[in-house]
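In: Quick check, what structure comes out for this input:
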Amino acid sequence: MKTLLTGAAIALLSVTTALAAGSHTGGHGHDDKAAAGQHMAIGKPGMAADVSRTVEVEMLETDDGRMIFRPDRVDVKRGETVRFSLVNNGELEHEFVLDHMAANAEHKAMMAKFPEMEHDDPNAARLVPGATGEIIWTFTNDGGFEFACLIPGHYESGMRGDLSVIDTLATN
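Out: This is a model prediction of the structure:
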């Protein structure tokens, strides 16, 4: 009986700890749509076989204390599937979140409450210094969006970029 109660207490403590830490899956307004393959305002997770181009994105801090993405602007065509190849060349942990500005603002507020929450959204990646990652995304709607690092203080230090999804891309 004592073993059964101890096991139940450990299970309850594990669930309580996980809930207190927060999670991105359904944790703050995404309703698990992206995880289920449904569309978000910015699009949906893409398939590697459909990638038409790769955009290399560097995350880092500057000597003057700013936190940045290079590049800080990306234009894509509606319907395009893009691989974002991410590298954290900074000295701090950073994340890359693709979404519309209102959703990122909501996410940023949640991150202020739970800065160590786990990331398991297909439109986000969190990288420790020196790490690499990727997000493959299909853009299904025209409009202005952003990519951002929503770790407390990072967005305010300049770590955001503009993402435009347009019907056709101009060729140079």
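In: Looks to me like M111 is in a helix.
Out: Yes: assignment of M111 by DSSP: H, G, I helix; E, B strand; the rest coil places it within a helix.
In: That one against I151, yeah?
Out: Yes: counting by Cβ atoms under 8 Å, I151 is a contact partner of M111 at 6.4 Å. The way it works is simple: take the backbone N, C-alpha and C, and place the C-beta from them, glycine included.
In: between those two, who's got more neighbours?
Out: For M111 versus I151, the count of surrounding residues by other Cβ atoms under 10 Å is larger for M111: 24 against 21.
In: Need the three-state assignment for the closest residue to that one other than its chain neighbours.
Out: Once flanking residues are discounted, M111 sits nearest to L150: 4.7 Å by Cβ to Cβ, 6 or more residues apart in numbering. Three-state call for L150 (three-state DSSP): coil.
In: What distance do you get for L150 to M110?
Out: According to Cβ to Cβ, to the nearest Å, L150 stands 8 Å off from M110.
In: Tell me which of those two has more neighbours.
Out: L150 (26 against 17).
In: correct me, but that one touches F96?
Out: No: if you go by Cβ under 8 Å, L150 and F96 don't touch, sitting 9.6 Å apart.
In: tell me which element E134 falls in.
Out: In this structure, E134 is located in strand 132-138 according to DSSP states H and E.
In: can you pull the buried residues of that strand?
Out: 133-138 (16 or more other Cβ atoms under 10 Å).
In: ok, it: who's next to it in the sheet?
Out: Sheet pairing for strand 132-138, assigned by DSSP bridges, gives strand 44-45 (antiparallel), strand 81-88 (antiparallel).
In: Would you format the buried residues of strand 132-138 as CSV with distance to I166 and pLDDT included?
Out: Listed next are the buried residues of strand 132-138 as CSV, based on distance: Cβ to Cβ, whole Å; pLDDT from 0 to 100:
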residue, distance to I166, pLDDT
G133, 26, 97
E134, 23, 97
I135, 20, 97
I136, 20, 98
W137, 15, 98
T138, 15, 97
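In: from those residues, which is closest to G90?
Out: G90 lies nearest to G133 out of the buried residues of strand 132-138, by Cβ to Cβ, at 13.7 Å.
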